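Participant: For reference, the sequence and a predicted model appear below.
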Amino acid sequence: MIEDIGPRPGDAPAMLNEEGPWGPGEDKTPGDRKGGERRNPWLQPPSRKPRAPKEGGQPSLEELIRRGRDRFAGLPGGGRPIWGYAIVAFVALWLFSTSLHRIAPQDVGVITRFGRYAGLLKPGVGLTLPAPIDVVTPVDVEKHRSFDEPASGGANLLLTRDQDLVNLTYTVNWSVRDPDVYLFNLPSDPEPVLRDAAQAAMREAVAGMDLGRIVSGDQSDLAARVAARTQQLLDRYHAGVLVQGVSIRQAGLPAELADSAKGIDDAKAAVQAETGKARDDVSKDIADAKVQTQLFDQAYDAYKLAPQVTRSRMYYDMMEAILARSGRVIVDAPNVTVQVPPPPGKKPQAQAQAQQGGGQ
């Protein structure tokens, strides 16, 4: 049973507000407030359409987004952003460019995998793992390289076996033999290592030779010895280098010793000339002595066979030789007339007087 409870005595009459707690429902201009009345949130005006930018003005952010959406609406994915496709294309290009290698005919590619040697690529097109897993470094194995010693172009003084100084300049020609060994065991600039090896080999070779042999002799033997010794040193270092040869450009005395050396050479030439002359005189004297010895032996043999006859013959020969050089002859014997022939080139006295009388 429901009791009808009416208004209690003393209660204020209830007033129904059909307009709700936010004010009258006929608020047609919700943007205006009349007399501090509350605004109804359910009666908001409709959203306004964005105004088109004026000509020459800057478009709004909404307009830029709308244009971008319309532009890429025809792409696969229904207007999805292209950054994903760009990344995929970049990765594909990177894999292709770092995995395919073209090696020139004069080069050999050295493959390093995470910095460690992994193999070689011959001339042509080769395929490896992409970078940075595999890195290929081409090395020219057919190029002929060279360097001069000394590098400054000045003097290079070396000590010979006979304690003389020689100015010797040369050129070393070399090439790469083992590209993998060359790349890993030598620095990026290998010339200082090769220069030190060549200098050591040249000093060793010159120290075993005399100055005259180096300056005036055949220098090809010296160059061959230096090239072979330099190759031995580089092989001991595991340099991967082939020494093509050594060519000597200059071998002579230093400029400071040139004048002194010329005087020494002149003195040596004079000594050699005098020595040769003395040797000729000695040879001539020895030959004359041999002739005299043979004559004496012949005379001695004749003396043994007939001593008296040989003694008289020797006496007459000696007197004939002595008197032939004298203009007077003294004969100590009575009633003896001796006709002595005049010396060679002189006329007899009577003949000379007769010629003088006939001329008068």
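Facilitator: Structure received. Remember, it's a predicted structure, so these values are computed and weren't measured experimentally.
Participant: Relative to Ala151, how far out is Asp189?
Facilitator: Per CB to CB, to the nearest Å, Asp189 is found 13 Å from Ala151. All C-beta atoms are positioned from the backbone trio N, CA, C, and that covers glycine.
Participant: If you count surrounding residues, which of these two has more?
Facilitator: A direct count of neighbours by other CB atoms under 10 Å for Asp189 and Ala151 places Ala151 higher, at 10 against 7.
Participant: Phi and psi next, for Arg113.
Facilitator: phi -110, psi 110 (degrees, to the nearest 10).
Participant: and it, what does it touch?
Facilitator: Leu129, Ile133, Asp134 (CB atoms under 8 Å, 6 or more residues apart in numbering).
Participant: Over to Tyr182?
Facilitator: Applying CB under 8 Å, 6+ apart, we find Tyr182 in contact with Val139, Val176, Pro190, Ala239, Gly240, Val241.
Participant: change it to 6 Å
Facilitator: Tyr182 makes contacts with Val176, Gly240, as judged by CB atoms under 6 Å, 6 or more residues apart in numbering.
Participant: Break this structure down into its domains, please.
Facilitator: Domains of the chain are assigned by automatic domain parsing as 71-143, 145-253, 260-311.
Participant: out of those, nearest to Ile322?
Facilitator: Closest approach to Ile322 among these is made by domain 260-311 (16.7 Å; CB to CB).
Participant: centre of the chain versus the closest one, how much separation?
Facilitator: When distances are taken as CA atoms, centre = their mean, to the nearest Å, domain 260-311 is centred 62 Å away from the chain's centroid.
Participant: I'd like the next helix or strand past the host helix or strand of Ala89.
Facilitator: Secondary structure assignment for Ala89, by DSSP states H and E: helix 83-99. Per DSSP H and E, the first helix or strand lying C-terminal to helix 83-99 is strand 100-103.
Participant: For that next one, the averaged confidence score.
Facilitator: Mean pLDDT, strand 100-103: 91.
Participant: strand partners of it, parallel vs antiparallel please.
Facilitator: strand 124-127 (antiparallel) (DSSP bridges).
Participant: List the contacts of the strand it pairs with.
Facilitator: Ser99, His101, Arg102, Ile103.
Participant: Show me which of those residues is closest to Gly276.
Facilitator: Of those, the one sitting nearest to Gly276 (CB to CB) turns out to be Ile103, at 68.9 Å.
Participant: was I right about that closest one contacting Leu120?
Facilitator: No - Ile103 lies out of contact with Leu120 (CB atoms under 6 Å); the separation is 9.4 Å.
Participant: Is Ala131 in contact with Ser99, as I believe?
Facilitator: No - using CB under 6 Å, Ala131 is not in contact with Ser99, being 8.2 Å away.
Participant: re earlier: need the contacts of Arg113 in TSV with pLDDT, can you?
Facilitator: Formatted as TSV, the contacts of Arg113 follow (pLDDT from 0 to 100):
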residue	pLDDT
Leu129	90
Ile133	91
Asp134	91
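Participant: So which of these are in strands?
Facilitator: Asp134 (DSSP state E).
Participant: Now do the same for the spatially most central residue of the chain: helix, strand or coil?
Facilitator: Nearest to the geometric centre of the chain sits Phe147, at 2.6 Å (CA atoms, centre = their mean). Following DSSP: H, G, I helix; E, B strand; the rest coil, Phe147 is assigned to strand.
Participant: got it, and Asp317?
Facilitator: helix.
Participant: What about it, how many residues nearby?
Facilitator: 10.
Participant: got it, and Ala131?
Facilitator: Ala131: 13 surrounding residues under other CB under 10 Å.
Participant: That one belongs to a strand, doesn't it?
Facilitator: No - looking at Ala131 with three-state DSSP, it is coil, so not inside a strand.
Participant: What pLDDT is listed against it?
Facilitator: 88.
Participant: Ignoring the adjacent residues along the chain, who's closest to it?
Facilitator: Thr98 (3.9 Å; CB to CB, 6 or more residues apart in numbering).
Participant: circling back: nearest to Lys304 among the contacts of strand 124-127?
Facilitator: Once CB to CB is applied, the member of the contacts of strand 124-127 that ends up nearest Lys304 is Ile103, at 103.1 Å.
Participant: May I have the residues that are in contact with the closest one?
Facilitator: By CB under 6 Å, 6+ apart, the contact list for Ile103 reads Gly109, Leu121, Pro123, Gly124.
Participant: Helices of the protein, start to end?
Facilitator: 61-71, 83-99, 179-185, 191-207, 211-216, 220-237, 258-305, 307-323, 349-359 (DSSP state H).
Participant: can you tell me which residues contact Lys277?
Facilitator: Contacts of Lys277 by CB under 6 Å, 6+ apart: none found.
Participant: that older thread, would you mind telling me which of the helices of the chain is nearest Val166?
Facilitator: Among the helices of the chain, if distance is taken as CB to CB, the winner is helix 211-216, at 5.5 Å.
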